[in-house]
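**Q** Here is my input, please return the structure:
(one chain, ligands or ions: 1)
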Amino acid sequence: MTSRLHRARRNDILLIASLVFLALVGILLSLFLRRDGAYCVITKNGEEVGRFSLSADREITYYEEDGVGFNTVRIENGRVSVTAASCPDKICVRSRAIRYHGETVVCLPHGLVVTVYGDEEGPDIIV
Ligand SMILES: [Zn+2]
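**A** Coordinates of the predicted model:
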């Protein structure tokens, strides 16, 4: 009875250990494979409204159609972030600055998405 219990526990431990191991491998792989971003693309409601190199600092403000709502996007030291916005949830402003290929900052209320891309995908960077 007790030995069967022990075996069950040992299997649980093995299962958990292998899950933890797989998770660690996944994290290491994504850290290893992630690429520095070269530029960012800003879309509003699915349409591209800006494409900027991350190598030059700049700040751009996108206004809503009502001319009041806005998102301010800042590129600084190779990172891009939303530094100010009029949206109610401010999730975009609270998001950390992004710099790696595939990372995004999203402002759902304004339909604004900032995506970082590596250099391979962008032969035509508009600066
Ligand atoms: Zn927002």
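**Q** mind listing the strands in the protein by residue range?
**A** 39-44, 47-53, 58-63, 70-76, 79-85, 104-107, 112-117 (DSSP state E).
**Q** Who are the packing partners of the first one?
**A** Looking back up the chat, that one is strand 39-44. strand 47-53, strand 58-63, strand 112-117 (3 or more Cβ pairs under 8 Å, 6 or more residues apart in numbering; DSSP states H and E). (Each C-beta comes from the backbone N, C-alpha and C, glycine too.)
**Q** so which of these gets nearest Arg99?
**A** strand 112-117 (6.4 Å; Cβ to Cβ).
**Q** Output the closest one as PDB, nothing but the C-alphas.
**A** Output in PDB follows, covering the C-alpha atoms of strand 112-117 (Å, rounded to 0.1, in the frame of the first residue of the first chain):
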ATOM      1  CA  LEU A 112      -3.300  50.900 -32.500                       C
ATOM      2  CA  VAL A 113      -0.600  48.200 -32.700                       C
ATOM      3  CA  VAL A 114       3.100  48.800 -32.600                       C
ATOM      4  CA  THR A 115       5.100  45.800 -33.900                       C
ATOM      5  CA  VAL A 116       8.900  45.400 -33.900                       C
ATOM      6  CA  TYR A 117      10.500  43.600 -36.800                       C
END
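**Q** just the helices and strands packed on strand 39-44: most buried one?
**A** Neighbour counts (mean count of other Cβ atoms under 10 Å) averaged over each of these peak at strand 112-117, with a mean of 22.
**Q** any residue of it up close to the ion?
**A** No: judged by Cβ under 5 Å from the ion, strand 112-117 makes no contact with the ion; its nearest approach is 7.0 Å.
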